Every structure is written in structure tokens, then in C-alpha cells.
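Student: can't give you the sequence, but here's the structure:
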């Protein structure tokens, strides 16, 4: 045992690159993998699994996560609560969701997710109040612009009355809703009216939502109008979204529209995403469209991603495209990543493609990584190969790493091999380290 400890200590001393840096690199890669898995579960509406994935992420890598992770955990909890058969379980899960919203607002007060998180908290608070927990009324009060201890009875009654309109005849409710969304002084009241309006199936409701998405003085109210248009899923609402995209220039509104397109089952929505992704005039919009194309299990999406990659030389877009390709299923996406990894003309893209190939862990990954290591001269790409091999955690991997380490002449890379082999519990790795020390 002492000999093993001494061996590891001496091997660690040989490494100039701090172990803390490499360990951080390892943690970031693991956090990214869990994060992407969690997002996929949200898109697939697997709420229980999404909750677990986000809790695992925040529990293990809380310092490496973002405001977005807290939001989607809260959202997943809220959706999961609706699947509970017992009221006590529903309440417990919803309370957990509110806690996640509060964590986001406390840790990230300037986040772009603040408005969405506060709107979500209002929805949850209303459900909790109905379930007999009046202490959650404070969040409804805050939404009306009153954060003090005193309740604004008039505003509270207006919110309750708006919710009650969900059960009214839409023709009778529409004039009141229109007046609130056009003339209401409180943005939160207008947002609540938009929600009620979105539940109406009339063409008038669609037209009003589209109009508010352009004309409301508050950006977050316009964003809510776009969101609810996207949730309606009828042809008229989708056509309104298409017209809006060509009308607005605000990047936040465009991002909400792109999200709406990504969630729509309409083939026209995919066509619009393809168009935005191929058009490089708005880089921010292009990046968002590429991301959402990567989440679509659609052969046309893969065709578009490959076509865009082959035509662009923009580094940031290429990074997003490589990630999007890594999210696609099937051999064609993998083959494209392999082609990028083998092509040394773009060192940064080559390095990123190798990293994501290593995360796939398909049959043949070890042999592919070894081939890439031997053929490339790109030092960063070689480091990604070493890291990826170290994560595969098999006897064959350790032997291949030892074989590559023995042949490696570059001292920096050799030290990388030594470090990652030192993380292994393999007897072969221990013997290799001893061999270096005793040589």
C-alpha cells in the first residue's frame, strides 16, 4: 500500500500542469454531459427523469452550472407535480419548484431568466394558494408590484377575476381581456390576461396576441405573447409567428420566436429554422437556430447542419454546429464528426470534434481515438484524445494509453498520459508508473 502511495506521489510530482486544472477540466466535461442529458429530457417531457438529472447536476457541479439549470429544474418540478395522484405529493413538489426559482433569483438577479422564473413562480403560487397554503400569496402580490406586507386587495381581486375568466364563454370574456392587455397599467396583470387569452381558440385571440407581441411597451410582456402564440399550435398562430420574425429586430424577441419554431410540429417551423440557420446575417439568431436543429431527430435537420458546416468558416458557428452534430442520432452524424476530426485544416474544430466523439462511447470509439491521436499533429486535439480515452474506463483503454505514452516524445503530452493513468485503479497503470519512477 505504501509503495502505491509513493508511486502516485512521485508520478504527480512529475506533472507540471497542475492536477487541479486537469481535474477541473474533467469536472466541466462531466457537468456538460449531464446538462445536455437533462435538457433532452425536458424536450422529451420526461419530467421525473429531468428532475433527477438537474438535481444530480446541481448537487455535484453546482458551482459550474447556470441560472438556466435552476429555471429548468423548477419548470420540470412544476410539470412533474401535475403527474402526482396525491395532493400532498403535488404540494411538496411545487414547493420544491418555488425553492428553485428563489435560488435562481437570489444567485442570478441580473439573469435573462428572471422574468420567466417570476412568471413560473406566480403560476405555482396560485396553485399552492388554491391548495390551502395562503403564505404563497406573497408571490402573487409581488407580481402586482406590491412587495410590502400589505395586500393590494383591488389588484389581487383583478388577478383572481382574470383566472375566473378561463371558465367563461370566450366571446363574452374577450372584450375585457382585450381592454386589460391594451390598457392595463400593470405588466403582470397584462401577462396574466395574455395567458387567459391564449386559452381561447378564436382568430381574434390570435390576432390580439400577435399585436401585443409587437406593440406592448414592456419587452417581457411581448415575450409572453410570443410564448403563448407558440403554445397554441394552430395554423393561424404559426403564421402570425412567421410574420413576427420578419418584423421584429429585438434579439430577445427573436430568440423567443426561434424557440417557438423549435417546439412546433409544423414542417414550416423546421423550414424556418433551416432558413435562419443558413442565413448568417444575424449570428445570434443563427447560433440559436443551429442549437435547436441539433435537438431535432429529423434527417432534414442533419442535412442542414452538414451543409451549413461545409459552407461557413465562422469559428463560433462551427463550434455550435459540431455540438449540434454530436446531439444527432445515427451513423451519418458520427461520420461527419469523424471527417472533421480527421481533417487537420481547422485545428480548433478538429479538437472539438474529437472531444464530442469521445463522449459518444460507441463501439469502435477506442480504436478511432487512437487512430486520430496517431495521425494528428494538433496538440490540443491530442489532449482531447487523452482525456476522452481516460473517461472510457476499460482495460483495453489503459493498455492503449500506455502504448501511446511509451511512444510519445512530446513531454507535455507524456505528462498528460501520466496524470490520467494515475487516476486509474488498473494494475497495468500502476506498473507503468513504477516503471517510469524506477527507470
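Tutor: Ah, there it is. Remember, predicted model here, so these are calculated numbers, not experimental data. Numbering: from 1, shown residues only.

Student: for the strand or helix carrying residue 176, list every residue counted as buried.
Tutor: Take DSSP states H and E as the rule and residue 176 turns out to sit in helix 170-183. Neighbour counts over helix 170-183 (16 or more other CB atoms under 10 Å) mark 170, 173, 174, 177, 178, 180, 181 as buried. (C-beta placed from N, C-alpha, C; glycine too.)

Student: so the third one touches residue 206, yeah?
Tutor: To tie it back to what came earlier, the one meant is residue 174. No. Using CB atoms under 8 Å, residue 174 makes no contact with residue 206, being 11.8 Å away.

Student: picking up where we left off before, out of the buried residues of helix 170-183, who's nearest residue 389?
Tutor: Using CB to CB, residue 181 is the member of the buried residues of helix 170-183 that lies nearest residue 389, at 57.6 Å.

Student: pLDDT value on that closest one, please?
Tutor: On pLDDT, residue 181 comes in at 89.

Student: OK, contacts around it?
Tutor: Residue 181 sits next to 190, 193, 194, 197, 208, 212, 216 when contact means CB atoms under 8 Å, 6 or more residues apart in numbering.

Student: can you report how many residues lie near the fifth one?
Tutor: Translated: residue 208. If you count neighbours by other CB atoms under 10 Å, residue 208 ends up with 22.

Student: now it: how far from residue 179?
Tutor: 11 Å (CB to CB, to the nearest Å).

Student: over to the third one?
Tutor: Separation of residue 194 from residue 179 (CB to CB): 13 Å.

Student: likewise the second one?
Tutor: Distance check for residue 193 against residue 179: by CB to CB, it reads 9 Å.

Student: quick check, pLDDT for the closest residue to residue 261 other than its chain neighbours.
Tutor: Spatial nearest neighbour of residue 261, chain neighbours left out: residue 269 (4.4 Å); criterion: CB to CB, 6 or more residues apart in numbering. pLDDT for residue 269: 85.

Student: check which helix or strand residue 269 maps to.
Tutor: Going by DSSP H and E, residue 269 is in helix 267-278.

Student: could you point out which element follows that helix?
Tutor: Past helix 267-278, the next helix or strand by DSSP H and E is helix 283-294.

Student: just the angle between that following helix and helix 267-278, please?
Tutor: 130 degrees (axes from the mean of the first three to the mean of the last three CA atoms, to 10 degrees).

Student: can you name every helix or strand that helix 283-294 contacts?
Tutor: Packing partners of helix 283-294 (3 or more CB pairs under 8 Å, 6 or more residues apart in numbering; DSSP states H and E): helix 251-263, helix 267-278, helix 299-311, helix 315-327.

Student: in the shortest one, which residues are buried?
Tutor: By neighbour count on 16+ other CB under 10 Å, the buried set for helix 267-278 is 269, 270, 272, 273, 274, 276, 277.

Student: please tabulate those residues in TSV, including the columns distance to residue 395.
Tutor: Listed next are the buried residues of helix 267-278 as TSV, based on distance: CB to CB, whole Å:
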residue	distance to residue 395
269	47
270	44
272	49
273	44
274	45
276	47
277	43
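
Student: which one of these sits closest to residue 288?
Tutor: Proximity of the buried residues of helix 267-278 to residue 288 (CB to CB) peaks at residue 276, which lies at 7.9 Å.

Student: touching, the closest one and residue 292? I think so.
Tutor: No. If you go by CB under 8 Å, residue 276 and residue 292 don't touch, sitting 9.4 Å apart.

Student: list residues touching both of the two?
Tutor: 258, 261.

Student: please compute how far the helix holding residue 269 lies from its chain's middle.
Tutor: Distance, stretch centre to chain centre, for helix 267-278: 20 Å (CA atoms, centre = their mean, to the nearest Å).

Student: what's the answer for stretch 356-365, then?
Tutor: So, by CA atoms, centre = their mean, the centroid of stretch 356-365 is 21 Å from its chain's centroid.

Student: picking up where we left off before, give me the angle between the helix holding residue 269 and helix 251-263.
Tutor: Going by the same axes, to 10 degrees, helix 267-278 makes 130 degrees with helix 251-263.

Student: now for helix 267-278, which elements pack on it?
Tutor: Partner elements for helix 267-278 (3+ CB pairs under 8 Å, 6+ apart): helix 235-247, helix 251-263, helix 283-294, helix 299-311.

Student: give me the contact list for the host helix or strand of residue 125.
Tutor: Of the helices and strands defined by DSSP H and E, residue 125 is found in helix 114-130. Helix 114-130 has contacts (CB under 8 Å, 6+ apart) with 70-71, 74-75, 78, 81, 90-91, 94-95, 97-98, 101-102, 104-105, 108, 111, 136-140, 142-143, 163, 188, 191-192, 220, 223-224.

Student: could you list which of those residues belong to helices?
Tutor: 70-71, 74-75, 78, 81, 90-91, 94-95, 97-98, 101-102, 104-105, 137-140, 142-143, 163, 188, 191-192, 220, 223-224 (DSSP state H).

Student: buried ones only from those residues, please, as a PyMOL command.
Tutor: The buried residues among these can be selected in PyMOL (16+ other CB under 10 Å) with this line:
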select buried, resi 70+71+74+75+78+81+90+91+94+95+97+98+101+104+105+139+140+142+143+188+191+192+220+223+224
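
Student: quick one, grab the pLDDT at residue 74.
Tutor: Value for residue 74, per-residue pLDDT: 92.

Student: identify the residue spatially nearest to it, adjacent ones excluded.
Tutor: In space, residue 74 is closest to residue 100, 3.8 Å off (CB to CB, 6+ apart).
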